[in-house]
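Asker: What follows is a predicted structure for the sequence shown.
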Amino acid sequence: MSRMRHHLPSSCQSHPGLGPGQEAASVRHLSREVEPLHGQVRCQAVLDRFLVDDEVYALPVIGTAGQPVALIDRATFIEFFSRRFSRDVFGRRSIDELLAHPRYRHGTPLVVEESCTVEDAAQLIIGAGMRHMVTGFVVTGGGRYRGVANGRDLLDIITRRKQAVLYQMAHYDALTGIPNRSLFADRLERACLEADRSGRLVALLFIDVDRFKQINDSLGHSAGDEVLRQVVARLKACARQVDTVARLAGDEFVILMEGLGSPEQVASVARRIVDSMQEPVSMPGQALVVTVSIGSVVYPRDDQRVGGLLAKADAAMYEAKAAGRNGFRSYSPDMPACSTGCISLENALRGAIERDELELHYQPQVDLKGRRVLGVEALLRWRHPERGLVPPMQFIPAAEESGLIIGLGEWVVRSAFAQLRAWLDAGLPPLRMSVNISALQFRQPGFAAFLEGQLALHRLPAGCIELELTESVLMKNLEEVLRTLTDIKALGVRLAIDDFGTGFSSLGYLRRFPIDRLKIDQSFVRDIDTTPVNESIARAIMALADSLSLEIVAEGIEREAEADVLQRLNCQQGQGYLFSRPVLADGFTAWWQASMRDDLAFNS
Ligand SMILES: Nc1nc2c(ncn2[C@@H]2O[C@@H]3COP(=O)(O)O[C@H]4[C@@H](O)[C@H](n5cnc6c(=O)[nH]c(N)nc65)O[C@@H]4COP(=O)(O)O[C@H]3[C@H]2O)c(=O)[nH]1
């Protein structure tokens with residue numbers, strides 16, 4: 001039996017795309033030492049090892065010259081062994097005879113040097129055949145056998161790596177490199193919890209660059225960007241090392257100060273910032289004086305609710321602006337709770353259903369080969385009277401925080417079901433409707449009963465409905481989640497995991513939960529034709545879905561080249577702007593009918 005040896009690519013030691021502080025992980029960390037067996041040993045010994053040690057997923061076989069010649073994986077072996085005839089045959093025969101069995105296809109092992117990076121190992125697996133994702137591979141050090149590694153652990157590491165890059169993108173501001181609003185919100189919450197325990201104070205400084213719009217409009221965006229970068233450098237120089245300097249949006253910054261003994265320290269930092277701005281900002285060919293207005297608030301003195309602090313610091317900042325800019329105000333209760341620029345999203349969202357401001361947009365899911373419509377995803381939009389069409393990511397987090405998502409989510413289910421009924425009544429062919437369900441909605445007692453009622457009300461076959469859940473929904477209270485999933489599944493409704501790969505990606509739950517489909521997150525689909533690590537991840541997810549008999553759909557396909565790669569990887573279903581953007585029901589109906597006519601014309 002021949003053995004495949006793979007040489008370390010030159011890129012092994014470092015890898016592009018890693019975030020700061022991330023080092024290239026090697027497969028050394030993945031290997032488990034498993035004593036190899038010899039080909040002459042009886043199969044009974046293999047079975048004994050698998051039965052005794054739950055953690056062993058594959059056993060290496062060593063040839064006469066001491067080189068690894070095969071891997072016997074648990075799943076295949078146990079399956080063969082437990083067949084009635086095999087129990088006698090394999091129990092008495094040698095491993096060599098087992099490996100000669102035509103149905104035992106996992107003989108040839110993939111051999112990888114322990115210093116190889118996990119990304120390069122993934123590439124090797126792709127080259128050698130995805131079965132190694134299930135069987136694992138042999139790890140050698142200096143050419144000698146060191147252990148075996150599990151393909152799923154490899155996938156886990158690559159996914160976590162990708163998550164770290166996504167984390168950086170999701171939590172840090174790209175222009176200035178400082179924490180963004182989301183990371184700041186997280187740190188603020190933790191700082192206040194700590195203050196409750198320690199009895200110390202937390203302060204927020206809300207900083208707005210004066211007349212920034214004019215700078216941007218007159219000098220251009222790149223000059224505006226440079227001003228913001230230099231302002232950030234000064235804010236950092238004035239803050240203490242332990243403080244968080246974050247960018248909220250545009251020209252709005254915030255400094256979070258924790259562990260304060262008295263509020264006086266806040267004013268002195270604010271004064272230092274105002275003073276530091278006296279030095280002009282140097283731009284190519286000119287020097288520009290930039291000033292800032294600052295408002296501050298102290299927790300718990302000014303507000304005991306974490307959620308109210310930012311609005312109060314903002315209100316204090318507006319007072320500083322109103323007093324002539326280039327100055328500082330600390331919050332006092334006679335200031336309006338919310339500044340003129342601050343619109344309470346939560347209040348505006350309350351009553352959005354009654355005011356008929358919500359809309360569902362529909363985006364098709366197609367079969368990548370024939371481009372026929374297989375299903376449609378309902379996506380929520382809020383048509384705000386002043387702001388226009390608001391995308392869900394701008395209001396769903398607030399709706400989740402306030403609990404409003406439960407009412408909104410029910411509205412989405414009712415409306416999507418009614419739309420599907422309307423399409424069926426209009427004589428259109430049945431299609432699958434996917435609906436996003438938030439964690440809070442999913443955890444509502446009686447959620448499955450609500451679904452059952454809506455299915456009956458709209459006379460829909462349950463198999464036409466698919467709920468899209470994010471991984472985070474599934475990760476808490478596993479037993480309870482499993483009960484709800486089982487109740488929903490009992491109705492016949494399908495279940496999909498949205499944004500697969502970006503969350504916790506615990507492979508354990510995939511096996512436990514009655515999931516039908518995985519949606520490969522769009523961050524892995526983006527530029528898959530030119531980004532090998534995205535291709536590796538998509539391929540690995542596909543192999544995983546295949547081994548667990550799950551359907552798979554790729555989201556966020558924008559270009560033909562991306563669709564081509566996905567098809568080559570055997571992904572059969574896709575969704576994305578390439579086929580259609582999410583549109584209102586009428587727009588979708590027209591698009592759908594046109595695509596059916598094209599199909600007919602093509603086939604006649
Ligand atoms: N760049 C790019 N984007 C594409 C492409 N194709 C689709 N998209 C966008 O990708 C998102 C896919 O939805 P999702 O992963 O379920 O992610 C959804 C979902 O998690 C959440 N959401 C939307 N509607 C609802 C809802 O009714 N209930 C709940 N709980 N969440 C919802 O908001 C997220 C964002 O929704 P949208 O803004 O509508 O953004 C949608 C869609 O417009 C493409 O080719 N390129």
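Answerer: Arrived safely.
Asker: what sits against the residue nearest to Ala426 when sequence neighbours are not counted?
Answerer: Among residues not flanking Ala426 along the chain, Thr589 sits closest, at 7.8 Å (Cβ to Cβ, 6 or more residues apart in numbering). Just so you know, the C-beta spots here come from the backbone N, C-alpha and C atoms, and that holds for glycine as well. Residues in contact with Thr589 (Cβ atoms under 8 Å, 6 or more residues apart in numbering) are 423, 426, 428.
Asker: Could you report the neighbour count for the last one?
Answerer: Close neighbours of Leu428, defined as other Cβ atoms under 10 Å, add up to 15.
Asker: quick one, what contacts it?
Answerer: Contacts of Leu428 by Cβ under 8 Å, 6+ apart are 589, 592-593.
Asker: which SS class is it?
Answerer: Counting by DSSP: H, G, I helix; E, B strand; the rest coil, the backbone at Leu428 sits in coil.
Asker: Give me the mean pLDDT for the host helix or strand of Asp546.
Answerer: For Asp546, the host element (DSSP states H and E) is helix 532-547. Helix 532-547 shows a mean pLDDT of 86.
Asker: Distance from the very next helix or strand once past that helix to the middle of the chain?
Answerer: Downstream of helix 532-547, the first helix or strand assigned by DSSP H and E is strand 551-554. Here the centre of strand 551-554 is set off from its chain's centre by 16 Å, with Cα atoms, centre = their mean, to the nearest Å.
Asker: Same check on stretch 147-163?
Answerer: 17 Å.
Asker: And it, what's buried?
Answerer: Neighbour-count burial for stretch 147-163, counted by 16 or more other Cβ atoms under 10 Å, picks out 147-159, 161-163.
Asker: Provide the secondary structure category for the closest residue in space to Leu431 that isn't next to it in sequence.
Answerer: Among residues not flanking Leu431 along the chain, Gly375 sits closest, at 5.3 Å (Cβ to Cβ, 6+ apart). The three-state label given to Gly375 by three-state DSSP is strand.
Asker: Show the contacting residues for Gly501.
Answerer: By Cβ under 8 Å, 6+ apart, the residues touching Gly501 are 159, 162-163, 520-521, 523-524, 537, 541.
Asker: Which of the contacts of Leu428 lies at the shortest distance from the ligand?
Answerer: Taking Cβ to the nearest ligand atom as the measure, the ligand sits nearest to Trp592 out of the contacts of Leu428, at 16.4 Å.
Asker: who in the protein is up against the ligand?
Answerer: When proximity is defined as Cβ under 6 Å from any ligand atom, the chain approaches the ligand at 363, 379-380, 391-393, 396, 409, 412, 436-438, 468, 498-499, 522, 555-558, 575-577, 582.
Asker: Apply 5 Å and report the result again.
Answerer: Contact residues, the chain versus the ligand (Cβ under 5 Å from any ligand atom): 379-380, 391-392, 412, 436, 438, 498, 556, 558, 576-577, 582.
Asker: Just the buried residues of the residues you listed.
Answerer: Buried subset of the residues of the chain next to the ligand (neighbour count, 16+ other Cβ under 10 Å): 379-380, 392, 412, 436, 438, 498, 556, 576, 582.
Asker: I'd like those laid out as JSON lines, including pLDDT.
Answerer: What follows is those, written out as JSON lines (pLDDT from 0 to 100):
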{"residue": "Leu379", "pLDDT": "97"}
{"residue": "Leu380", "pLDDT": "96"}
{"residue": "Pro392", "pLDDT": "86"}
{"residue": "Val412", "pLDDT": "97"}
{"residue": "Asn436", "pLDDT": "97"}
{"residue": "Ser438", "pLDDT": "91"}
{"residue": "Asp498", "pLDDT": "90"}
{"residue": "Gly556", "pLDDT": "94"}
{"residue": "Gly576", "pLDDT": "97"}
{"residue": "Pro582", "pLDDT": "97"}
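Asker: how about the strands of the stretch 351-500 of the chain, start to end?
Answerer: Ranges of strands in the stretch 351-500 of the chain, per DSSP state E, counting those that start in this stretch, are 358-367, 373-384, 388-390, 432-436, 465-470, 494-500.
Asker: Export only the CA atoms of the fifth one, formatted as PDB.
Answerer: If I follow you right, that is strand 465-470. The C-alpha coordinates for strand 465-470 follow below in PDB (Å, rounded to 0.1, in the frame of the first residue of the first chain):
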ATOM      1  CA  ILE A 465     -41.100  26.400   6.400                       C
ATOM      2  CA  GLU A 466     -37.500  26.600   7.600                       C
ATOM      3  CA  LEU A 467     -36.300  28.500  10.700                       C
ATOM      4  CA  GLU A 468     -32.900  30.100  10.500                       C
ATOM      5  CA  LEU A 469     -31.200  30.100  13.900                       C
ATOM      6  CA  THR A 470     -27.700  31.400  14.700                       C
END
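Asker: Now do it and strand 494-500, the angle between them.
Answerer: Angle, strand 465-470 to strand 494-500, by axes from the mean of the first three to the mean of the last three Cα atoms, to 10 degrees: 30 degrees.
Asker: And for the second one?
Answerer: Counting by the same axes, to 10 degrees, strand 373-384 lies at 70 degrees to strand 494-500.
Asker: ok, back up a step: list the residues that contact the residue nearest to Leu431.
Answerer: Listed by Cβ under 8 Å, 6+ apart, the contact set of Gly375 reads 364-365, 431-434, 466.
Asker: now these in JSON lines, with neighbour count?
Answerer: Output for these, formatted as JSON lines (neighbours: other Cβ atoms under 10 Å):
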{"residue": "Pro364", "neighbour count": "23"}
{"residue": "Gln365", "neighbour count": "23"}
{"residue": "Leu431", "neighbour count": "17"}
{"residue": "Arg432", "neighbour count": "18"}
{"residue": "Met433", "neighbour count": "21"}
{"residue": "Ser434", "neighbour count": "24"}
{"residue": "Glu466", "neighbour count": "20"}
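Asker: In helices, which of the contacts of Gly501 appear?
Answerer: Cross-referencing the contacts of Gly501 against helices under DSSP state H gives 159, 162-163, 523-524, 537, 541.
Asker: What's the local residue count around the closest residue to Ile541 other than its chain neighbours?
Answerer: Spatial nearest neighbour of Ile541, chain neighbours left out: Ile520 (5.6 Å); criterion: Cβ to Cβ, 6+ apart. Look at Ile520: counted by other Cβ under 10 Å, it has 29 neighbours.
Asker: and what of the one 10 residues further on?
Answerer: Thr530 is surrounded by 11 other residues when neighbours are defined as other Cβ under 10 Å.
Asker: For Val34, see how far away Asp48 is.
Answerer: Distance from Asp48 to Val34, counting by Cβ to Cβ, to the nearest Å: 14 Å.
Asker: which residues touch Arg271?
Answerer: With contact set as Cβ under 8 Å, 6+ apart, Arg271 has these partners: Phe328.
Asker: What pLDDT is listed against the residue nearest to Ala426?
Answerer: 97.
Asker: how much does the strand or helix carrying it deviate in direction from strand 373-384?
Answerer: Per DSSP H and E, Thr589 falls inside helix 585-603. Between helix 585-603 and strand 373-384, the angle comes out at 160 degrees (the same axes, to 10 degrees).
Asker: Surely Val245 and Ile178 touch.
Answerer: Yes. Using Cβ atoms under 8 Å, Val245 is in contact with Ile178, at 5.3 Å.
Asker: neighbour-wise, which of those two wins?
Answerer: Neighbour tally, Val245 and Ile178, criterion other Cβ under 10 Å: the higher count belongs to Val245, 22 against 18.
Asker: contacting residues for the more buried one?
Answerer: Contact analysis of Val245 by Cβ under 8 Å, 6+ apart lists 178-179, 232, 235-236, 239, 253-255.
Asker: let's see it at 7 Å
Answerer: 178, 232, 235-236, 239, 253, 255 (Cβ atoms under 7 Å, 6 or more residues apart in numbering).
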